[in-house]
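Asker: What follows is a predicted protein model with its sequence.
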Amino acid sequence: MTTSNEKWERRKLARERLRRLQERARQRESAAKAASGSTSSADPPGVAAGPAPVSPSAAIRAADASVAEKQKQRRQAIDALERDVTELGRLAEPSSATATDISRIRQEVDELKRDFYANLVSWQKVQLARHPQRPYTDDFIKLLFEDFSEIHGDRGFANDTAMVTGMARFHGKPCLVVGTQKGRGTKQRVARNFGQAKPEGYRKALRAMRLAAKFGRPIFVFVDTPGAYPGVDGEERGQAQAIAFNIREMARLPVPIVVTITGEGGSGGALAIAVGDRVYMLENSIYSVISPEGCASIMWRDATKAELAAEALKITAPDLLSLKLIDEVVPEPEGGAHNNHEASAKLLDPVLDRALSELAALSPQQLIDRRYQKFRAMGQFFA
C-alpha cells in the first residue's frame, strides 16, 4: 500500500511540475510577443531622447544575441517538458486514468516542438546542418538504393575515402551515386578526412560520372562537406584545377544529374559535384560560398560574429529557394533529419523519383542545354 501511495505522489508531483513548466513557456511566449510589439512601434514626436544612440551594427548584434538567447531558453523549456512527459508516462499505470492527460500533454509538447523548429534562425540551422547524427551519403545509399557497388580510386594517385562513388539501382533502375562522407566518431572522421575531399576525390567522382554517362545512367549526388581540403598536399596536387575541371565537365554530361544538399554545402568543394539538372536541399541544410565563421573572420576580424554572418549570407534552404539558386526544399521529419534517418529518406525518395521521371523524358542535348541555361541565369537579378 505504501508503494502504491508513493507512486501516486510521484505521478502527482510530475504532473504539477509539467503544468508549471508549460505555463512558464506560455508566459515567455506572451512576453516575447508583447516586447516585439512594443519595440516595433515608433516613439511619438516630441518625446524626450532616451539613452545615447548605438551604431546600427551594434544594434543588430544585440538583437541577434537576444533572439538567440530566447531561442535557447525555449529549447531548454521544451526539453524539460519532454523529460517530464517521459517520466510521467513511465510512472503511470497502463490502465491509469491519467493516460488521457499524458497523451494530451504529449501532443501539446509536440506542437511546441513543431513551432520551435519552424522558426529557427540561420545560426541554429547551421548547427543542425552540422549535427553529427545527420544522415550521410552511406545512410542514404542503404535506405534509398539497392545493389550498391563502390568504385575506388582516381586511376592517377589514390583513393579518397571522403568521396563515395558507386553503381546502384534506384527503384530497379541502374544509376550512379556520388557523395561526400564525413564519418561518425573520431576514428571514422579522421579516416574520411572530415568529409573534405582532396583532388583525387574529385577526380574519382568525375571518372565515375563519365563511366555513368558512357552507359546512359542517371547520377544522384549527395553533398555534405565543409569544403574541399585546404591542406598543402591538396594544393600541390591541383585542388583548384580539379574543382574547376569537375564543374566544366559536369555541365557537359549527357545524363540526368540530381543533386541533394543533405547537410553542409561548403564553398567550391560542394559546387564541384553539385552542377545538376535539379538541385534540392533538405530543410535544415545550408549551402554557401563560405562558412559563417570564415565570413565573420574576413568582414569583422572576429569569428565569434558567425551568427551575424550566417544571417547575412542567406545560406538556408528557404533563402536560396527565394533567390532561385535551388529547385526545391525537401522537408525533414519532426525535430530534424538527425532524429530519424528512415523518415528523412522516405521524404526524399518521392522527390528524387519525380525528378528522375521528368529528366528521363529529355534528350541528352536538351539536358545539356537546360543545365547550361540554369546556371547561367543564376544571379542575373544583380546585374
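Answerer: Structure's in. What do you need?
Asker: what mean pLDDT does the one helix or strand residue 125 maps to have?
Answerer: Per DSSP states H and E, residue 125 falls inside helix 122-129. Here helix 122-129 scores 86 as its mean pLDDT.
Asker: Which strands and helices lie in contact with it?
Answerer: Counting by 3 or more C-beta pairs under 8 Å, 6 or more residues apart in numbering; DSSP states H and E, the packing neighbours recorded for helix 122-129 are helix 56-91, strand 286-288, helix 306-313. C-beta coordinates here come from the backbone N, C-alpha and C atoms, glycine included.
Asker: again, 7 Å this time
Answerer: strand 286-288, helix 306-313 (3 or more C-beta pairs under 7 Å, 6 or more residues apart in numbering; DSSP states H and E).
Asker: what angle sits between the last one and helix 122-129?
Answerer: Taking axes from the mean of the first three to the mean of the last three C-alpha atoms, to 10 degrees, one finds that helix 306-313 is oriented at 100 degrees with respect to helix 122-129.
Asker: If you count contacts, what does helix 306-313 end up packed against?
Answerer: So helix 306-313, by 3+ C-beta pairs under 7 Å, 6+ apart, packs with helix 56-91, helix 122-129, helix 292-299.
Asker: hmm, back to that, out of the helices and strands packed on helix 122-129, which gets the lowest mean score?
Answerer: Among the helices and strands packed on helix 122-129, helix 306-313 carries the lowest mean pLDDT (a mean of 88).
Asker: Buried residues in it, which are they?
Answerer: 306, 307, 308, 309, 310, 311, 313 (16 or more other C-beta atoms under 10 Å).
Asker: show me the contacts for residue 326.
Answerer: With contacts defined as C-beta atoms under 7 Å, 6 or more residues apart in numbering, residue 326 is in contact with 279, 280, 281, 317, 320.
Asker: If you average pLDDT per helix and strand, which one of this structure comes out bottom?
Answerer: None of the helices or strands of the chain scores lower by mean pLDDT, DSSP states H and E than helix 56-91, at a mean of 56.
Asker: just how off-centre is the helix holding residue 125 within its chain?
Answerer: 7 Å (C-alpha atoms, centre = their mean, to the nearest Å).
Asker: what residues does the helix or strand that that helix is followed by touch?
Answerer: Sequence-wise, the next helix or strand downstream of helix 122-129 (DSSP H and E) is helix 137-144. Applying C-beta under 7 Å, 6+ apart, the contact partners of helix 137-144 are 148, 164, 168, 170, 177, 179-181, 222, 224, 341-342, 345, 349.
Asker: 6 Å instead, please
Answerer: Identification of contacts with helix 137-144 by C-beta atoms under 6 Å, 6 or more residues apart in numbering yields 148, 164, 177, 179, 181, 222, 341, 345, 349.
Asker: neighbour-wise, which of those leads?
Answerer: residue 222 (28 neighbours; other C-beta atoms under 10 Å).
Asker: Spatially nearest residue to that one (excluding sequence neighbours)?
Answerer: Leaving aside its sequence neighbours, residue 222 sits nearest to residue 179 (C-beta to C-beta, 6 or more residues apart in numbering; 3.4 Å).
Asker: Check for me that that neighbour belongs to a strand.
Answerer: Yes. Under DSSP: H, G, I helix; E, B strand; the rest coil, residue 179 sits within a strand.
Asker: which residues sit in contact with it?
Answerer: 137, 164, 222.
Asker: Please produce a markdown table containing the residues you listed, extended by distance to residue 237.
Answerer: As requested, these are exported to a markdown table (distance: C-beta to C-beta, whole Å):
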| residue | distance to residue 237 |
| --- | --- |
| 137 | 23 |
| 164 | 20 |
| 222 | 24 |
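Asker: Next up, phi/psi of the residue positioned nearest the centre of the chain, please.
Answerer: With distances taken as C-alpha atoms, centre = their mean, residue 285 lies nearest the centre of the chain, 1.9 Å away. Here is the backbone geometry of residue 285 (degrees, to the nearest 10): phi -90, psi 170.
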